[in-house]
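Asks: no sequence on this one, just coordinates:
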Ligand SMILES: [Zn+2]
């Protein structure tokens, strides 16, 4: 007999679904499909990269468009109307940190790949992007 109600189960299922469609999970799935071993959230590396591909000596950051100031989509370029200066400063700080982290990783010999959340929506485009970035240095 079922211990969870129908309603609860549907809540559980929808939370699982939303987890699996997070941009990071989308990227991880593609990278695994390409045959790479993936390690997640490597805290020992600068910036704690979202995904690490040890065989390729590559790290992948999956950046939220708003927080990291994506220049490709509305979410990254539209700053909130209230506390505009605060948000601009916050995002500028994040971008600076991202650049420093990437530079440190490159110094250590890592191939640094950045994927923006908006780039994970078109699966064909994402696949091509990852293929290109992972096979060409
Ligand atoms: Zn974006």
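Replies: On my side now, so go ahead. These figures come from a predicted structure and were not determined experimentally.

Asks: Now the lengthiest helix in the chain: buried residues?
Replies: Taking DSSP state H as the criterion, the chain has its longest helix at helix 84-107. Across helix 84-107, burial judged by 16 or more other Cβ atoms under 10 Å covers 87, 91, 94, 95, 98, 101, 102, 105. (Each C-beta comes from the backbone N, C-alpha and C, glycine too.)

Asks: That one and the ion, any residue contact?
Replies: No: on the criterion Cβ under 5 Å from the ion, helix 84-107 is out of touch with the ion, staying 12.4 Å away.

Asks: Outside of that helix itself, list whatever touches it.
Replies: 45-47, 49, 59, 61, 63, 66-69, 79-80, 112, 114 (Cβ atoms under 8 Å, 6 or more residues apart in numbering).

Asks: And it, how far out from the chain middle?
Replies: From the chain centre to the centre of helix 84-107 is a distance of 15 Å (Cα atoms, centre = their mean, to the nearest Å).

Asks: Let me see the mean pLDDT of it.
Replies: Mean pLDDT, computed over helix 84-107, is 96.

Asks: Then stretch 22-40?
Replies: Here the average pLDDT along stretch 22-40 is 91.

Asks: Stretch 55-66 now?
Replies: 94.

Asks: Return a PyMOL selection command for the buried portion of the contacts of helix 84-107.
Replies: Per 16+ other Cβ under 10 Å, the buried members of those correspond to this PyMOL selection:
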select buried, resi 45+46+47+49+59+61+63+66+67+68+69+79+112+114
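
Asks: Would you point out the most distant pair within the contacts of helix 84-107?
Replies: Pairwise distances among the contacts of helix 84-107 were taken by Cβ to Cβ; the largest, 31.6 Å, belongs to 45 and 80.
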